[in-house]
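1. Return a 3D structure for these sequence lines:
(chains A and B)
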2 protein chains.
Amino acid sequence: MEQKHLSIFIPASILAETKDLKLRTYKVGLIGRSAAIFKVDRIVVYNDHSDKEEVKFISDVLTYMNTPQYLRKKVFPITKELRYAGILPPLRTPHHPTEKVGEGDYRQGLTIKRTKKGTIVDIGADKLALCREKLTVNKVMSFRVLKFGKEITIEPDKPEVYWGYKILSTYKNLYESIEMLKPKSDLIIGTSKYAEPITFILDEVKDSLKGSKRVTILFGGPYSGLHDLIDQREILDLEVNTVPSQGTKTVRTEEAVLATLSVFNLLLNAE
Amino acid sequence: MEQKHLSIFIPASILAETKDLKLRTYKVGLIGRSAAIFKVDRIVVYNDHSDKEEVKFISDVLTYMNTPQYLRKKVFPITKELRYAGILPPLRTPHHPTEKVGEGDYRQGLTIKRTKKGTIVDIGADKLALCREKLTVNKVMSFRVLKFGKEITIEPDKPEVYWGYKILSTYKNLYESIEMLKPKSDLIIGTSKYAEPITFILDEVKDSLKGSKRVTILFGGPYSGLHDLIDQREILDLEVNTVPSQGTKTVRTEEAVLATLSVFNLLLNAE
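-> Modelled structure (predicted):
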């Protein structure tokens, strides 16, 4: 199967009912885990009447999770808000390797400083690595190890396997956030319990998926169902209820994300 | 679609890596929520090398969640272990009504004591109700309100809608727990990442579901994948990987439960 690029949109209000910082951290962690399990490439955090701090917190936790263990302390200053980051379950994705780095390996690295020779990069080895290109400093990027000896030399590169997600915190509402997507999506799917059950339009959904390379799935929040956020449906290619015949009155966003990605994983892998 | 009876098996080891009581409570809560969202009738907690306390804790939290708000304080003495029960998200199922009770309504009640007339039951109204049958005392049961006036009279009854789950704590291993199932299942499905992707055998799974009224889905734990627990496969009718092509090395039990039930919900509602 040709690999799709999968994006999900999460509202900042997912934590509106959760005051406890430990649980707030854990709930965002569930979304990060769901994204990694189902190989989501991009998580967009949009603002639905929440304050900006909320967008920042969710983005920070997701970024923390996506950062390999050996870079976390360097990328994230210890802040009050992240003091429970230790409870976040590891993603255990290929881009968070647990083995020692060697020649030919792909590794994420933090660009430290520029020199005449290129850029010095921390890839979590016992010494710093050199990339012969001039790169922006203080960014986490992906590299391949060219030589691993007295000197470590690397070049920017990414393997074919799932390599984590990108986080886009728009601080904007859903509409504006969709406009900001680059590259644009071929297929934008809204999820709502008021929409048609996915089982009723399974063939339509499958056909749409088949023809699309970049698929985006939108989720609403506890105070703003997607149905309400989208008055004019023109921005949606499809609107579906991915939890048909639900036994509970509501499905929480973090539950909907995992349940929905699981359904789409089935549809995407079925052909 | 004819309603299936769905059971899930959860190992006591799901909390083996979680020491924090608040998170332990919340994780079991995720399983309770997943069960209610997908109308699971029975949750079996089996013991895979954990101690008995662990089985009891998981069962207590699940039972607490399934008990309507108005009976919780009467059914559950305040214990140290349940001190974070307040963080558990409500199920918001039909059997946890938020409106006042009236004639014809179905309500869960706690049997208080036996009298000459029958059994006195607390159904969360401002006075106790009378059931003219002789019932076991101190049990939560389901009733229908026959008359709601100066006296409230009720009879044991259940509506057609989803009415919560039963918990069976076997304190036994997986094998023995399956043997204890009453009524027996028509179809026992094991989930494992080492099994065939469900997408490869979708028609076989669908056919098996179609012919079965009582479906049981088994989950393994962090230290005991289902594949290891079951040496001889004779107890399984099917073994499937419900998260094909996963991006992470492992899928946690609480994640697998939600993802798997979501997939089966799709298959069960598709016809």
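
2. tell me which element the residue nearest to A:Arg72 when sequence neighbours are not counted falls in.
-> Residue nearest to A:Arg72 in three dimensions, not counting chain neighbours: A:Tyr64, with 6.5 Å by C-beta to C-beta, 6 or more residues apart in numbering or on different chains. C-beta coordinates here come from the backbone N, C-alpha and C atoms, glycine included. If you go by DSSP states H and E, A:Tyr64 is part of helix A:52-66.

3. So what touches that helix?
-> Applying C-beta atoms under 8 Å, 6 or more residues apart in numbering or on different chains, the contact partners of helix A:52-66 are A:10, A:12-16, A:24-25, A:28-29, A:31-33, A:35-36, A:43, A:45-47, A:72, A:75-76, A:81-82, A:85, A:88, A:91, A:164-165, A:167, A:169-171.

4. from the residues you listed, which would you call buried?
-> Neighbour counting by 16 or more other C-beta atoms under 10 Å in any protein chain shown classes A:10, A:12-16, A:24-25, A:28-29, A:31-33, A:35-36, A:43, A:45-47, A:82, A:85, A:88, A:91, A:164-165, A:167, A:169-170 among the contacts of helix A:52-66 as buried.

5. Show only the entries of those found in helices.
-> Using DSSP state H, A:Arg24, A:Thr25, A:Val28, A:Gly29, A:Ile31, A:Gly32, A:Arg33, A:Ala35, A:Ala36 are the members of the buried ones among the contacts of helix A:52-66 that sit in helices.

6. out of those, who's near chain B?
-> Subset of these in contact with chain B: A:Arg33, A:Ala36, counting by C-beta under 8 Å from any C-beta of the partner chain.

7. Looking at the ones in helices among the buried ones among the contacts of helix A:52-66, which is nearest B:Ala270?
-> Distance to B:Ala270, by C-beta to C-beta, is smallest for A:Ala35 among these, at 25.8 Å.

8. from memory A:Gly32 sits against A:Arg92, does it?
-> No. A:Gly32 lies out of contact with A:Arg92 (C-beta atoms under 8 Å); the separation is 11.7 Å.

9. Show the low-confidence segments of chain A, by residue range.
-> A:1-2, A:227-233, A:271 (pLDDT under 70).

10. what packs against whichever strand in it runs longest?
-> Secondary structure of chain A per DSSP state E: the longest strand is strand A:187-197. In terms of contacts (3 or more C-beta pairs under 8 Å, 6 or more residues apart in numbering or on different chains; DSSP states H and E), strand A:187-197 is packed against helix A:202-210, strand A:214-218, helix A:226-229, strand A:238-241.

11. Tell me which of those lies nearest to chain B.
-> Across these, chain B has its closest neighbour in helix A:202-210 (6.5 Å, C-beta to the nearest C-beta).

12. Remind me what that closest one packs against, helices and strands.
-> Using 3+ C-beta pairs under 8 Å, 6+ apart, helix A:202-210 sits against strand A:187-197, strand A:238-241, helix A:253-269.

13. Check the ones you listed for me and report the most buried one.
-> Highest mean neighbour count among these (mean count of other C-beta atoms under 10 Å in any protein chain shown): helix A:253-269, with a mean of 23.

14. re earlier: just the ones of the contacts of helix A:52-66 in strands?
-> Those of the contacts of helix A:52-66 lying in strands (DSSP E): A:Ile10, A:Ile43, A:Val45, A:Tyr46, A:Ile167, A:Ser169.

15. does the third one have beta-bridge partners, and which?
-> Right, A:Val45. A:Ile10, A:Ser169 (DSSP bridges).

16. Pull up the gap between it and A:Ile120, please.
-> Distance check for A:Val45 against A:Ile120: by C-beta to C-beta, to the nearest Å, it reads 32 Å.

17. and if you look at the last one?
-> Distance, A:Ser169 to A:Ile120, by C-beta to C-beta: 28 Å.
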